[in-house]
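S.K.: The sequence and its predicted three-dimensional model are supplied below.
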Amino acid sequence: MKTLISCFWMIIVYIIILIPSYAFAEIVEILIVKSSFVPAVVKIKKGDTVRWINTEELLHTITSGKAPQHDEKFNENYLYRKFEITLSEPGFYDYFCVLHNATMRGVIIVK
Ligand SMILES: [Cu+2]
């Protein structure tokens, strides 16, 4: 019985520790409209998800790095409708569209 009670308390402690990190994670949406990222700059918390939604028929890419240099952190070739990533490391994440890199650029700031 004593072991059962300790197991119960251990589970409660795990739940208390784990819930805050997941319960408050958000999904932040970036729309692709008229071949632009809207908004082009987003600030998120670590653990949040960024979701790009392509609202047009043109294909685009979501490629990390400063255009035209891909830094290999993330990449989605030929985004047709939707792409998402979860970022858990604080920092600045530049990204761009390989096909329209002169104008399609954005930054995600993870706090
Ligand atoms: Cu594009």
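M.R.: Right, received. Where do you want to start?

S.K.: Tell me the pLDDT of Y80.
M.R.: For Y80, the pLDDT comes out at 81.

S.K.: Over to A23?
M.R.: Residue-level pLDDT assigned to A23 equals 66.

S.K.: Now the element after the lowest-mean-pLDDT helix or strand in the chain, going C-ward?
M.R.: When the helices and strands of the chain are scored by mean pLDDT, DSSP states H and E, helix 2-23 comes last with a mean of 59. The helix or strand immediately downstream of helix 2-23 is strand 27-33, counting by DSSP states H and E.

S.K.: Can you tell me the centre-most residue of this structure?
M.R.: Geometric centre of the chain, nearest residue: V50, 2.9 Å, by C-alpha atoms, centre = their mean.

S.K.: Relative to the ion, how far out is that one?
M.R.: Taking C-beta to the ion, to the nearest Å as the measure, V50 falls 17 Å from the ion. Every residue, glycine included, has its C-beta placed from N, CA and C.

S.K.: Quick check: that residue touching V107?
M.R.: No. If you go by C-beta atoms under 8 Å, V50 and V107 don't touch, sitting 11.0 Å apart.

S.K.: if we can go back for a sec, bridged to the residue nearest to the centre of the chain, which residues?
M.R.: V28, I85 (DSSP bridges).
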